[in-house]
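# I would like the atomic coordinates for the input below:
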Amino acid sequence: MNQITCAHIKYPEISPPPLKLQLREIFSGIYLSDLLKWASIPSPETINPKTVLIIPGFGGGDLSVLPLKKFLRKQGHYAYSWGLGLNHSKIDNFIKPLLKRIDSLHKKHGRGISLVGWSLGGIFARELARHRPKHVSNVVTMGSPVIVGPRITALHKLSGLFGWDSKQIEQDMIERYTTPIQQPITAIYSKKDGIVSWQGCIDHWSPSVQHHEVSASHIGMGFSKEVYQVINYSLAR
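Alright, predicted model coming up:
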């Protein structure tokens, strides 16, 4: 594989999601009905139990990923939430405790950890995979902006309020690609996403990535039968 340099990272101009999609996120509660359909979600013929760590999106915590955790446990996986409160986006404050959690789960179960990250949580998951290539077996991202960053999200005008330096974040994300993620990646995206532009969820440079388009909204991904099915089969890879 050729070494990736910053000069190789080129992407088209991407804008935040249009207002009509942003407003559509208000109705994401309709996906809660999918929680009643777990039994009808197709599963692989053979379930190979995995150890899964789920990382919430910006502003979310353990409660936001509880339905997904319960679903994966019903499938026979050892699923865990991160246990670090709300995701306030300061990745440098979370990396060390998350690495400790990965090391602890790896020691407890004696197998590689599957990381599932929702939105910003997917960016965290990718960074953790770079830090622990021997302990992380694969990564699943759900509506995660793996290029550009806040500038292509519905929150871009609030970057200053959250303390985000959008230009620096964008440059940092480009530089991260110079350390390729070797583990398999499943990148879930939706053209109906009203929070993150779907084009920013496409990973053009990692050596082992599969993209899956779904019809859920951004907030709805955490409760979508369609998304759960993709995750279920990704864990069987």
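# Give the burial count for residue 100, as a bare number.
Using other Cβ atoms under 10 Å, residue 100 is surrounded by 10 other residues. For the C-beta atoms, the positions are set from N, CA and C on the backbone; glycine is no exception.
# Tell me how far it lies from residue 201.
Applying Cβ to Cβ, to the nearest Å, the value for residue 100 to residue 201 is 28 Å.
# got it, and residue 33?
Residue 33 is 25 Å from residue 201, by Cβ to Cβ.
# Ok, residue 131 next?
In this view, residue 131 and residue 201 are 22 Å apart by Cβ to Cβ.
# Which one of those two is surrounded by more residues?
Set side by side, residue 131 and residue 201 show unequal neighbour counts under other Cβ under 10 Å, the larger going to residue 201 at 25 against 14.
# what's near enough to touch that one?
The neighbours of residue 201, taking Cβ atoms under 8 Å, 6 or more residues apart in numbering as the test, are 141, 143-146, 187-189, 193, 211.
# Find the nearest non-adjacent residue to it, please.
residue 189 (3.7 Å; Cβ to Cβ, 6 or more residues apart in numbering).
# could you point out where this protein is predicted with low confidence?
Applying pLDDT under 70 to the chain picks out residues 1-12, 36, 158-163, 165.
# Run a quick neighbour tally on the residue nearest to residue 25 when sequence neighbours are not counted.
In space, and not counting its chain neighbours, residue 25 is closest to residue 194: 4.2 Å by Cβ to Cβ, 6+ apart. Neighbour count of residue 194, defined by other Cβ under 10 Å: 26.
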